[in-house]
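> Below: sequence and its predicted model.
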Amino acid sequence: MKQETTPAPSREFPFNATAIITWTCRSLTAVAAALVFSSFVAAQAPPPTPHTTIFLHGRIYTNDPAHPWASAMAVREGKIVCIGGIEQIMLECGNGDDVETIQLQNHFVMPGFNDAHVHMGSAGADMLAVRVNGVASVEELQKAVATAVAAHKEGDWIIGSGWDHTLWPDKKFPTRQQLDAVSPKNPVLLVHISGHVAIANSLALEQAGVKKETPNPKGGEFEHDANGELTGMLLEGSAIGLVQQYAPETSAADRRRGIELVFADLAKNGVTSVQDNSEWEDFLAYRALKDEGKLTVRITEWLHFSNNLEDLQNMRSEGGTTDPWLKTGALKMVTDGALGSRTAAMAAPYSDDPSTSGIMTIDPAKLKQMAIERDKAGFQLNFHAIGDRANTIALDTFEAVAKVNGPRDRRDRVEHAQIVAPADFPRFAALNVIASMQPSHQTTDMRWAESRVGPERIKGAYAWNTMLKNKVHLAFGTDYDVEPINPMRGLYACVTRELPDGGPAGGWQPQEKISLDECIRAYTTGSAYAQFEEGRKGALVNGQYADFIILSADITKIPPAEYTKTRVLRTVVGGRTVYQSQ
């Protein structure tokens with residue numbers, strides 16, 4: 001690819017001090033190691049006086065249909081104060097002693113991405129854990145575990161994540177015996193790429209007190225083989241959690257170290273806002289970093305729906321709901337599993353395994369009762385639902401809540417909405433339920449998704465265009481770190497519905513393609529609407545936050561195959577540069 005010129009660095013950012021942090025975590029992950037070649041800027045205390053920065057000579061994609069393009073803009077006190085033509089900006093905002101000018105050198109500028117669904121806490125932990133992403137067979141998985149065992153003391157827990165059996169020749173789950181062969185004296189727990197299943201070795205099961213006669217936990221399952229013996233596979237969070245609780249807790253220092261690596265990863269990929277589903281301890285770590293002036297992304301933190309209502313209200317009070325950088329938001333509930341592991345709750349059995357229809361993690365009647373109670377307390381509700389049965393139950397619940405508690409602007413959400421029954425698409429719009437979806441899931445899943453649900457049900461899968469035709473609000477994200485944070489993978493999926501290397505010709509289920517503009521809107525203004533922040537972010541217009549990115553190529557002019565090769569040259573959040581490529 002042609003070498004692009006990096007925009008001239010600013011001489012002074014809106015914050016007086018900046019710290020350039022070069023990450024050299026050789027023993028961590030490929031993502032962390034890659035950051036060695038980037039500049040990650042952690043802003044410090046704000047200046048005592050206002051400062052204006054003018055960005056000139058750019059191709060600025062405003063995301064504002066009324067005025068879609070501009071060539072210059074001015075930023076002051078973290079917001080856009082002028083945008084339009086160069087002469088206009090210089091005349092209206094170019095005066096004063098404290099004005100800095102940055103030449104954009106005709107680079108493409110657009111609003112920063114707002115990822116509507118991330119897991120930063122687990123992503124941070126994964127940064128420091130054994131990474132088995134992309135291993136091509138169970139033998140490669142064993143080699144990775146053996147390497148980790150050699151680097152640990154006998155008895156230490158080996159924790160890892162990211163394996164995906166659908167990449168393997170036999171496409172079968174691993175077994176505890178296969179882990180035992182390379183880790184007889186270390187408990188091992190490896191979570192699947194989906195986060196919905198995990199494999200544990202015999203020692204981990206023993207330390208957790210899980211035996212073949214142990215009853216399944218509610219909403220989960222300990223898998224058994226044909227002889228009734230434990231395979232080591234743990235299906236869904238309640239089963240995984242029963243084993244995971246015996247692993248050592250993450251230290252505060254390690255938690256912070258992982259989160260800082262995550263922040264760097266987000267900034268490098270042009271993500272300026274996230275809607276996060278992590279633990280309260282992670283939120284406290286974000287707050288500590290914010291207090292130190294080191295928060296480089298805007299965070300809305302979801303709380304756990306299943307927690308005690310009084311605790312949720314206390315956390316909302318303590319975490320706040322209005323701070324533009326860090327606040328609490330919706331209540332998240334995982335109602336079913338994942339399609340890849342056949343734990344997503346389907347209305348009929350799986351086409352490639354008629355013995356199962358998936359798992360509902362909560363009784364629908366209980367879900368409805370809790371939802372009514374939490375909605376009455378003023379919370380936005382947010383249900384993970386992948387299977388068509390889970391999506392129907394989510395919509396039924398939202399409808400019941402509105403009938404009991406009366407009308408208001410709820411903006412309840414379904415996370416993923418991967419397989420939706422035809423009758424349910426108009427219900428999303430009628431109930432003003434947001435479809436919070438992750439386009440890159442389609443690119444990953446298309447290799448096997450149709451075999452799971454068959455040719456008819458697949459027509460309601462990853463159905464972005466059908467959602468838009470039904471006037472449903474879309475909010476896009478990645479499910480990071482189930483998928484990489486890079487939003488360009490999502491844009492590619494939206495407009496092609498093809499595999500990363502291309503094909504099938506014309507795209508898979510091509511009727512569900514959407515345009516680049518529609519995809520960007522779902523990833524920016526759509527995500528902002530989903531968190532009640534429309535008009536504050538998502539577009540480059542006067543009065544909105546100065547959250548934007550500068551790219552190495554104009555994505556409106558290049559072929560979609562070039563999207564994922566496009567680099568972020570600079571990421572700006574609240575008017576300050578938080579990442580700049582070298």
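Good, I have the coordinates. None of the values given here were measured: they were computed from a predicted structure. Numbering: from 1, shown residues only.
> Identify, by residue count, the longest strand of this structure.
Longest strand of the chain, by residue count under DSSP state E: strand 326-334.
> Give the buried residues for the next helix or strand after it.
With elements assigned by DSSP states H and E, the helix or strand that comes after strand 326-334 is helix 364-376. By 16 or more other Cβ atoms under 10 Å, the buried positions in helix 364-376 come out as 364, 367-368, 370-372, 374-375. The way it works is simple: take the backbone N, C-alpha and C, and place the C-beta from them, glycine included.
> from the middle of its chain, how far away would helix 364-376 be?
In terms of Cα atoms, centre = their mean, to the nearest Å, the gap separating the centre of helix 364-376 from the centre of its chain is 26 Å.
> Give the rounded mean pLDDT of that helix.
Throughout helix 364-376, pLDDT has a mean value of 98.
> for stretch 511-524, same thing?
Stretch 511-524 carries an average pLDDT of 98.
> now swap in stretch 72-80 and tell me
96.
> Then stretch 546-556?
98.
> How far does stretch 125-140 stretch from one end to the other?
22 Å (Cα to Cα, to the nearest Å).
> For it, which outside residues touch it?
Contact with stretch 125-140 is made by 25, 28-32, 141, 144-145, 148, 158-164, 167-169, 172, 174, 178, 190, 193, 250, 254-255, 257-258, 261-262, 481, as judged by Cβ atoms under 8 Å, 6 or more residues apart in numbering.
> show me what contacts Ile549?
Contacts of Ile549 (Cβ under 8 Å, 6+ apart): 109-113, 270, 272, 568-572.
> can you give me the helices in the stretch 401-550 of the chain?
Under the criterion DSSP state H, counting those that start in this stretch, the stretch 401-550 of the chain contains helices at 425-430, 439-445, 449-457, 464-469, 487-496, 516-523, 525-530.
> which of the contacts of Ile549 lies closest to Gln544?
Gln544 lies nearest to Pro111 out of these, by Cβ to Cβ, at 8.4 Å.
> So which of the helices of the stretch 401-550 of the chain is nearest Gln380?
Among those, helix 525-530 comes nearest to Gln380, with 9.0 Å by Cβ to Cβ.
> Who are the packing partners of the closest one?
strand 113-118, strand 271-276, strand 434-437, strand 474-476 (3 or more Cβ pairs under 8 Å, 6 or more residues apart in numbering; DSSP states H and E).
> Which strand residues bridge Gln580?
Ser39, Arg570 (DSSP bridges).
> hang on, the earlier thing: which residues does the longest strand of the chain contact?
237, 275, 277, 283, 286-287, 290, 295, 298-306, 312, 315-316, 319-321, 361-362, 367, 374, 379-384, 413, 415, 531.
> per-residue confidence averaged over that strand?
Mean predicted lDDT for strand 326-334 stands at 98.
> give the contact list for the spatially closest residue to Leu381 that is not a sequence neighbour.
Of all residues not flanking Leu381 in the chain, Asp412 sits nearest, at 4.5 Å (Cβ to Cβ, 6 or more residues apart in numbering). Asp412 makes contact with 380-383, 398, 401, 431-434, according to Cβ under 8 Å, 6+ apart.
> Pop out the phi and psi values for Asn269.
phi -100, psi 10 (degrees, to the nearest 10).
> ok, it - how many residues close by?
23 (other Cβ atoms under 10 Å).
> Please list all residues in contact with Tyr492.
443, 498, 500, 560-561, 563-564.
> TSV please, covering the contacts of Ile549 and showing neighbour count and distance to Asn470.
TSV is the format used below for those (neighbours: other Cβ atoms under 10 Å; distance: Cβ to Cβ, whole Å):
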residue	neighbour count	distance to Asn470
Val109	24	33
Met110	22	27
Pro111	30	25
Gly112	29	28
Phe113	31	25
Gly270	27	30
Thr272	28	29
Val568	23	33
Leu569	23	38
Arg570	26	38
Thr571	28	34
Val572	30	35
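> which one of the residues you listed sits closest to Gly535?
Scanning those for proximity to Gly535, where the rule is Cβ to Cβ, the winner is Pro111, at 12.9 Å.
> Check the burial of Glu534 by counting its neighbours.
Look at Glu534: counted by other Cβ under 10 Å, it has 15 neighbours.
> next one: Gly543
9.
> Likewise for Val404?
Residues near Val404, counting by other Cβ under 10 Å: 13.
> From Glu373, how far out is it?
10 Å (Cβ to Cβ, to the nearest Å).
> do Ser515 as well
41 Å.
> now do His152
45 Å.
> just checking, next helix/strand downstream of the strand or helix carrying Lys143?
Element membership of Lys143, judged by DSSP H and E, is helix 138-150. Sequence-wise, the next helix or strand downstream of helix 138-150 (DSSP H and E) is strand 158-163.
> for that following strand, packing partners?
helix 120-127, strand 130-131, helix 138-150, strand 188-192.
> Contacts for the last one next, please.
Put plainly, it is strand 188-192. 130, 132, 141, 145, 157-165, 174, 179, 197-201, 203-204, 240, 243-244, 247, 338, 340-341.
> pLDDT on stretch 164-180, on average?
Averaging pLDDT along stretch 164-180 yields 92.
> Give me the buried positions along it.
Quick answer for stretch 164-180 (16+ other Cβ under 10 Å): 164-165, 168, 173-176, 178-179.
> I am assuming Glu229 contacts Lys212, so please confirm or correct that.
Yes. Because the distance of 5.7 Å satisfies Cβ atoms under 8 Å, Glu229 is recorded as touching Lys212.
> Throw the contacts of Ile549 into CSV and include pLDDT, thanks.
Shown next, in CSV, are the contacts of Ile549 (pLDDT from 0 to 100):
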residue, pLDDT
Val109, 98
Met110, 98
Pro111, 98
Gly112, 98
Phe113, 98
Gly270, 98
Thr272, 98
Val568, 98
Leu569, 98
Arg570, 98
Thr571, 98
Val572, 98
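> Just give me the closest of those to Pro426.
Phe113 (28.9 Å).
> who are the neighbours in contact with that closest one?
Contacts of Phe113 by Cβ under 8 Å, 6+ apart are 269-273, 487, 523-524, 549.
> which strand residues sit across from Arg298 in the sheet?
Residues in beta-bridge contact with Arg298 (DSSP bridges): Ser273.
> what about stretch 190-208, start to end distance?
15 Å.
> okay if I get the contacts of Phe113 as JSON lines plus distance to Asp98?
Below are these laid out as JSON lines (distance: Cβ to Cβ, whole Å):
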{"residue": "Asn269", "distance to Asp98": "32"}
{"residue": "Gly270", "distance to Asp98": "28"}
{"residue": "Val271", "distance to Asp98": "30"}
{"residue": "Thr272", "distance to Asp98": "24"}
{"residue": "Ser273", "distance to Asp98": "28"}
{"residue": "Pro487", "distance to Asp98": "34"}
{"residue": "Tyr523", "distance to Asp98": "34"}
{"residue": "Thr524", "distance to Asp98": "30"}
{"residue": "Ile549", "distance to Asp98": "25"}
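> All set, thanks.
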